[in-house]
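Asker: this one's sequence-less:
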DNA sequence: TCACACATGTAACACGTTACATGATTTG
DNA sequence: CAAATCATGTAACGTGTTACATGTGTGA
């Protein structure tokens, strides 16, 4: 039951509709949690019933009404209690790594292509995170920010995202080099497994 | 449907019982996929029905019989086909990062403790991976290994695991420093949010 | 004797993904 | 004129987690 806490944490940034939350999850929250809009609507429904968030309907001309959600006091309490609970270890599940594990009896060039794709995605994400960081810092340097800012959480998770994408770039590059080296040698470039 | 492919990839290491597979998932496979034994038993059942793995019953004295699973030819084909499919982007979901995002209205010292715990776990895992690497290399150096070894997949995923844990160590350390610096300044050490 | 490793499984539930449904407005 | 954005949702299905159930052998 951690999606609920990710939603509550995302609402610390301020009131949002389901749709806006989904956007938020696509950009700023993507560093630490991912969810589809369907999950969000379902979860917001529950959170409202449990009184952890509050909805107000905003009527709009020529657009469907939207419901804007805000944290309630008990929502904040719940989030605070959550930070006290022991964190469970993260489950790593990465499709690309499964492909890499199987590369020796798989399609060599397809896997190489997949690694290249990941490399590009990592570069794009990193650029995006760099922009987010500039927005957060707003001219201040890091030390200044860490001392004076209202909230440091978003900055620290963003840092994790940046480091993670840098890692991806480094790792993808190394893997591509290793694979290139291997096909260049006397071994068959992509031997069919027995 | 990626658990099935992780299972097939894990069986490339050789025949295993459900129980042994669970062990394998706890150590060598943990770099790229995680699964509980319950998931594994369920998935092996299906894979057998679809003819992607084959089971043979090994009778044991004074212990329950076990079923040893092997990849079939169509299991290998399936795995190969999987490496050709486009990889979907990985969903990041990390409890600890949610806590960090919420730290400014959460329990400061509890979150710091959680980061410390993660730091220790990362160190342990890294040490474990270093040992696995030595086993894989078996005296050869990296270049030699990448040129000559039968399979490079397990090495490359292991490398990802090592880099990931190094990242964790780096990030946790930086976060702890940043938080320490922050509590040392004139701001209240752990202000209760409004 | 107590805990841990071996060995497999069922059942219930929670969570995540995909497809479908609707319909106006803005941008290219 | 087509595509993307805004805005919300239902339904069906697939995956992952937790609790329970069973029983022997081994080592501290």
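Answerer: Okay, I see it. Bear in mind that the values here come from a model prediction, so they are computed numbers and not experimental data. Numbers count the residues shown, from 1 in each chain, chains lettered A, B, ... in the order given.

Asker: show me what contacts the spatially most central residue of chain A?
Answerer: In chain A, the residue lying closest to the centroid (CA atoms, centre = their mean) is residue A:30, at 2.1 Å. Residues near residue A:30 by CB atoms under 8 Å, 6 or more residues apart in numbering or on different chains: A:161, B:92. Every C-beta, even on glycine, is put in place using the N, C-alpha and C of the backbone.

Asker: Report pLDDT for it.
Answerer: On pLDDT, residue A:30 comes in at 89.

Asker: just the one 5 residues further on next, same as before
Answerer: Residue A:35 carries a pLDDT score of 93 in this model.

Asker: which SS state does it fall under?
Answerer: coil (DSSP: H, G, I helix; E, B strand; the rest coil).

Asker: wait, isn't it in contact with residue A:6?
Answerer: Yes. Counting by CB atoms under 8 Å, residue A:6 is a contact partner of residue A:35 at 7.0 Å.

Asker: what about these two, which has more around it?
Answerer: residue A:6 (26 against 21; other CB atoms under 10 Å in any protein chain shown).

Asker: Might one say that the more buried one is in contact with residue A:31?
Answerer: No. Counting by CB under 8 Å, residue A:6 sits too far from residue A:31 to count as a contact (11.0 Å).

Asker: for the top helix by length along chain A, which positions count as buried?
Answerer: Identified as the longest helix of chain A according to DSSP state H is helix A:153-184. For helix A:153-184, the neighbour count (16 or more other CB atoms under 10 Å in any protein chain shown) marks A:153-165, A:167-169, A:171-172, A:175, A:178-179, A:182 as buried.

Asker: could you pick out which of the residues you listed are near DNA strand D?
Answerer: Applying CB under 7 Å from any atom of the strand to the buried residues of helix A:153-184, one finds that nothing falls near DNA strand D.

Asker: Now look at the longest helix of chain A and say if it contacts chain B.
Answerer: Yes. Against chain B, helix A:153-184 shows contacts by CB under 8 Å from any CB of the partner chain at A:153-154, A:156-157, A:159-160, A:163-164, A:167, A:170-171, A:174-175, A:178-179, A:181-182.

Asker: same thing with stretch A:102-113?
Answerer: Yes. On the criterion CB under 8 Å from any CB, stretch A:102-113 is in touch with chain B at A:102, A:103, A:104, A:105, A:106, A:107, A:110, A:111.

Asker: contact partners of stretch A:139-158?
Answerer: A:9, A:12-13, A:28, A:31-32, A:129, A:132-133, A:136-137, B:97, B:100-104, B:175, B:178-179, B:181-182, B:185, B:187.

Asker: which parts of it are buried?
Answerer: A:145, A:146, A:147, A:149, A:151, A:152, A:153, A:154, A:155, A:156, A:157, A:158.

Asker: residues bridging contact with residue A:35 and residue A:6, i.e. touching both?
Answerer: residue A:25.

Asker: From the structure, what's the count of residues near the closest residue to residue A:34 other than its chain neighbours?
Answerer: Excluding its sequence neighbours, the residue lying closest to residue A:34 (CB to CB, 6 or more residues apart in numbering or on different chains) is residue B:91, at 4.3 Å. Using other CB under 10 Å, residue B:91 has 13 other residues around it.

Asker: Please, which helix or strand holds residue B:91?
Answerer: Per DSSP states H and E, residue B:91 falls between elements, in no helix or strand.

Asker: Cheers, nothing more for now.
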